[in-house]
Each structure stands twice: as structure tokens, then as C-alpha cells.
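S.K.: Using only what follows, build the 3D model:
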Amino acid sequence: MSKARFLLGALALLVLPALGLAEEKPRKLNVLYIVSDDLNNSLGCYGHPQVKSPRIDELAKRGVRFERAYCQFPLCNPSRSSFLTGLRPDQTGVQDNAFVFRKKIPDVVTLPQLFQKNGYFVARVGKLYHYGVPNQIGTDGLDDPPSWQKVINPKGRDKDDEDKIFSIDGKKSFGGTLSWLSADGTDEEQTDGKIAEAAIGLLEQNTDKPFFLAVGFFRPHTPYVAPHQYFDKYPPASVPLAKMPADDRKDIPDPAIPVKNANYGLDEKTQREAVQAYFAAITFMDQQVGKVLDALDRLKLRDNTIVVFHSDHGYHLGEHGLWQKQSLFEESARVPLMISVPGMKTAGEASPRVAELVDVYPTVAGLCGLKGPDNLAGKSLEPLLAKPDAAWDKVAVTQVQRGGGQPAKAKAKDAPMKAGPQPGAATFKGYSARNERYRYTEWDGGKRGAELYDHDRDPQEITNLADKPEMKEVVKEMKAKLAEVLASAK
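M.R.: Numbering: from 1, shown residues only. Just a heads-up that it's a prediction; the model follows:
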């Protein structure tokens, strides 16, 4: 190189930055974090033959979908406190819908807080931490103020129309009871429609800065409210009902069945109407997710934004005669989970490996080059995003809490989940470990029963193998893996 060219090059290094023409540093990745409420795996991308979820299915094609993802506690507050702190329920202390995790761990750094500390604009629209639904819609609920710089709590006509909602108990105690409404009006008038609108507004206002935007939809949580057009997609006569063998419950420990009266004693017509309403609420919510994703594309943010979608826990629709949540069966513990990363080569693939919602925190942090707290309970899923069938050794652990006395026998149309701690009674816990083939569950350390199901042969978890002599070694192995996870959470 001549001396003249060297001097010109050196001059350029001095002048170009002053002109703003120097090569810019890569911009931080944004995060759009979407959570649905009480959504099970009844989605097209998970193979459901009837539910229409085109927008979530589209997201699955742009990311990796986890076939075996599980929550840590199938109840809103314990689950949400867990995945937003990256800690297990025994670490957060949250076992019900009332306890606030900072009472036990006041200095915890939540997932959104981590992004705040690293220069991101962090906002929430709708339900991320627990809300009582529908009573607390439009309020902060049990929110965690340190987690956010901005919060928006939309409230739609579903709140104004509560007097029109049908409930199986004939009352207006919607939050824990099967209840629904085929609603008048438009999507935009509903709370979830307003959540989508508010999220789009925040995207439009923050195109020039790194953001972590958390969007929490309320549906399909009961009451299942959606405009008429969504109900019309699912005529009750065409919706499937879970098949329950006559002897299904004979080998199941008593604490595993939180409601003793199968299907609350509801007739087939009412059960079908409940399923119709639940499916309608899913498809309605799916369309609101799509509006937010469309805005991400319109604003040319998709190529620089990680999109995460999952539910807080699963949901029963009559399996084992159960509805809703708070069981340790597959339908209650399993959740949809998909993660889309700009430029990923594995878009559209599914991972058969076991994942947990506590894995989301270290995964999202790692993808953005951030280091979370040292005590996170989960394991980053980054290797599975790169190679969905990579070697992987993990069990998912889900837990519930029961009262010391067995739940009272439910009346025919009793409001559902009576399985939580009973006032004045001692409590005990149930823990379930799931690997790729087996689910092992024990109640009160095994003193109140145990369960083992082989998902290769029995995906509906009908036959309990825990007491079979030929399964002794499997029980021993699964029990050891469960104990290992529980020891790490102390």
C-alpha cells in the first residue's frame, strides 16, 4: 500500500464517524412475548383436527414448535410467577392465586426487569402476572410494578355484557365456573381486541429503540366470550367429547381427581356447548394474535424481533371426567410453546424434546446476549432452536397443592376447582415428572399414591402402571429424576 493510500484510509477512519457514516453496531434484538390464558394444545399446528388457529399456526411455521412443553403449576398465579421469574413454585412460594412472590423473594430480577437493566423499553399490555378473570380485567391485578416501564390494562364490552353470560351453576361466579357468551359486536370491542390494538400502538411508537413487549390475552379463559362468528365455526353437534372408559378412575389415587363428580354431572348437550365456546374463544384470540404479528411485519420489525408464544398451563375438556386445570394429567400440564428467531434455519420444525416454561427465561435472555441470575431453574432451549432433535436429557416437573382432607364430593353443577388448600386443613403436594416416554406422579411423597403412564402405548393416561412389578425400574428411575429436580429448587 502506498503512503498516500494509507493516509487517505486513516483520514476516512477519523472523518466517517463524525459524519455518521461509520458502520453501525448490530442493533439489539427486540422481544415480542405473547401469552394466552388457559390455552391447551387445541391448535391446528399441534394436530387438532377441528380448531381453527391459522395465525398461531403461521407463527409456528416461522419458529420452532415444542411438542412436549410443560408448565410448572397448572394454575394462573403460580405458573406466571414461575415463568416470569425463571424459578419453580417452591422457590417463589406461590402455590395459589393470592400470594405475591416478592413476599418471599423481594430482590428477584424478573425476565422483563432483566431487559430493563440492559437498556430496553419494557411494557406490558393485558394479563402477564395474575389477574382474577373476569373481575380484575381493566385493573393491574396482581401485577409486579418493578417489571415494567409502561402498563396498559384494556377493558372491553365483555365486562359490560356480563349479565348476559351463561354459567353452569346458574350464578355469576364466572372465574372458576364453565361459562360462556356468543357476543354481539366486533372483535375490536372485546378486551382481547383492545389488547391487540394497544400492543400495535406500542410497536408503532417504539420502532427506533430496542423493546421487550409482553402481550397477555385473556381468552380462552372462562367465561369463553367471543363474537357470534366464532361460535358459528363450531356447531355443537360436530365438536368432539373426551371418551372416558367406565373403569378409568379405578386405578387413580384419590388426590389425582380434584372433582369427584365426572363432568360435573353435565349432560352431553351442555358439554358440547362448553367445548364449542372454548374453541370459539381460541379462534377469536388467534385472530388478535395475528393482528399484532401483521403490525410487526408492516413496521418491518420482524427481521429484528424474537417472537415467543405460549400459554400459562393446559386445560381439561372432559378427560378423566375433569374440566379446567389443577390436575397433574397431560392435558392440564402440557402447554403450547413456540419461539421464532430472526434468520433461524429451523423455522417450521418441531422439537420432540421435553421443555418447561422455566426454560423460557434463560432462552430469551441468551438469544439477546443477556445473562440472567445464576439461580434460574430452567435450561436454555437455544440448542433445540438450532437443532430441534439435538441430544437432550431433561424431565419436566409440574406440581399442585391439595388440602389435607380429600376434596368434598362436588354437586352436579358445582363450580369446578375445589382441589386447592382447604381452610384450616394441612396441605400436601403432588409432583409429576415427564420425560419423552413416561409420566410419573406421586402424592405426598408417595404416601397418598403414585402414578406411572407410558405415553408410547397410552397417550390418554388410562392405565396406571406404578404398581406393576415389571415397571419397578422405570418407577425407580423417574422417582430419582424427580427428586433431583426438587432438590435443586430448595
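S.K.: Okay, strands next: where are they in the stretch 151-300 of the chain?
M.R.: Counting by DSSP state E, counting those that start in this stretch, the stretch 151-300 of the chain has strands at residues 166-167, 179-183, 211-220, 224-227.
S.K.: of these, which approaches residue 367 most closely?
M.R.: Nearest to residue 367 among the strands of the stretch 151-300 of the chain is strand 211-220 (11.9 Å), distances taken as CB to CB. Heads up, the C-betas are built off the backbone N, CA and C, glycines and all.
S.K.: elements contacting that closest one?
M.R.: Judged by 3 or more CB pairs under 8 Å, 6 or more residues apart in numbering; DSSP states H and E, strand 211-220 is in contact with strand 30-37, helix 111-117, strand 121-126, helix 191-205, helix 268-298.
S.K.: Let me have the ones you listed in TSV, extended by distance to residue 162 and mean pLDDT.
M.R.: Listed next are the helices and strands packed on strand 211-220 as TSV, based on distance: least, CB to CB, whole Å; pLDDT from 0 to 100:
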stretch	distance to residue 162	mean pLDDT
strand 30-37	17	98
helix 111-117	31	98
strand 121-126	18	98
helix 191-205	12	98
helix 268-298	15	98
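S.K.: Can you add distance to residue 67 and mean neighbour count and give the ones you listed back as JSON lines?
M.R.: Listed next are those as JSON lines, based on distance: least, CB to CB, whole Å; neighbours: other CB atoms under 10 Å:
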{"stretch": "strand 30-37", "distance to residue 67": "18", "mean neighbour count": "24"}
{"stretch": "helix 111-117", "distance to residue 67": "23", "mean neighbour count": "20"}
{"stretch": "strand 121-126", "distance to residue 67": "27", "mean neighbour count": "24"}
{"stretch": "helix 191-205", "distance to residue 67": "26", "mean neighbour count": "21"}
{"stretch": "helix 268-298", "distance to residue 67": "19", "mean neighbour count": "22"}
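S.K.: wait, which of these is closest to residue 101?
M.R.: Nearest of the helices and strands packed on strand 211-220 to residue 101, taken as CB to CB: helix 111-117 at 12.5 Å.
S.K.: what does that closest one contact?
M.R.: Counting contacts by CB atoms under 8 Å, 6 or more residues apart in numbering, the residues outside helix 111-117 that touch it are 31, 83-86, 109, 122, 124, 146-149, 212, 214, 360-361, 364-365, 368, 370, 372.
S.K.: Over to stretch 337-353?
M.R.: In this structure, residues lying in contact with stretch 337-353 by CB under 8 Å, 6+ apart are 29, 45, 56, 59-69, 302-310, 355, 357, 360, 363-364, 367, 381, 384-390, 392, 394, 436.
S.K.: Give the buried residues for it.
M.R.: Across stretch 337-353, burial judged by 16 or more other CB atoms under 10 Å covers 337-342, 344, 346, 349-351, 353.
S.K.: Tell me the one among these nearest to residue 457.
M.R.: Using CB to CB, residue 353 comes nearest to residue 457 of the buried residues of stretch 337-353, at 20.3 Å.
S.K.: Residue 179 versus that closest one, what's the distance?
M.R.: Distance, residue 353 to residue 179, using CB to CB, to the nearest Å: 37 Å.
S.K.: Pretty sure residue 397 sits in a helix.
M.R.: No: in this structure, residue 397 is strand, not part of a helix, as judged by DSSP: H, G, I helix; E, B strand; the rest coil.
S.K.: give me the number of residues near the residue lying closest to it once chain neighbours are set aside?
M.R.: Residue nearest to residue 397 in three dimensions, not counting chain neighbours: residue 485, with 4.7 Å by CB to CB, 6 or more residues apart in numbering. Close neighbours of residue 485, defined as other CB atoms under 10 Å, add up to 17.
S.K.: what about residue 485, helix or strand, and which?
M.R.: In this structure, residue 485 sits in helix 472-488 according to DSSP states H and E.
S.K.: What lies in contact with that helix?
M.R.: Identification of contacts with helix 472-488 by CB under 8 Å, 6+ apart yields 88, 90, 377, 395, 397, 431-433, 435, 438, 440, 442, 446, 450, 452, 465-466.
S.K.: at 7 Å instead, please
M.R.: Helix 472-488 has contacts (CB atoms under 7 Å, 6 or more residues apart in numbering) with 395, 397, 431, 433, 438, 440, 452, 466.
S.K.: Distance to residue 255 for the helices and strands packed on strand 211-220 - can I get that in TSV?
M.R.: What follows is those, written out as TSV (distance: least, CB to CB, whole Å):
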stretch	distance to residue 255
strand 30-37	26
helix 111-117	32
strand 121-126	33
helix 191-205	35
helix 268-298	25
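S.K.: quick one: low-confidence ranges for this structure?
M.R.: Along the chain, the parts satisfying pLDDT under 70 run over 1-26, 404-425.
S.K.: And it, what are its domain boundaries?
M.R.: 30-387, 399-488 (automatic domain parsing).
S.K.: Deepest-packed of those, please.
M.R.: Most buried of these, by mean neighbour count (mean count of other CB atoms under 10 Å): domain 30-387, with a mean of 20.
S.K.: related to what we said a few turns ago, which members of the contacts of stretch 337-353 occur in helices, if any?
M.R.: In this view, those that belong to helices under DSSP state H are 56, 59-61, 360, 363-364, 367, 384-386.
S.K.: Out of these, the closest to residue 118 would be?
M.R.: residue 364 (12.0 Å).
S.K.: The closest one contacts residue 30, correct?
M.R.: No: using CB atoms under 7 Å, residue 364 makes no contact with residue 30, being 11.0 Å away.
S.K.: intersection of neighbour lists for these two?
M.R.: Listed as contacting both residue 364 and residue 30 by CB under 7 Å, 6+ apart are residue 306.
S.K.: picking that back up, for residue 354, see how far away the residue nearest to residue 397 is.
M.R.: In terms of CB to CB, residue 485 sits 12 Å off from residue 354.
S.K.: Need the residues touching each of those two.
M.R.: Counting by CB under 7 Å, 6+ apart, the contacts common to residue 485 and residue 354 are residue 395.
S.K.: for the nearest residue to residue 322 once chain neighbours are set aside, what are its contacts?
M.R.: Nearest non-adjacent residue to residue 322, counting by CB to CB, 6+ apart: residue 316, 4.2 Å away. By CB under 7 Å, 6+ apart, the residues touching residue 316 are 322-325, 327, 331-332.
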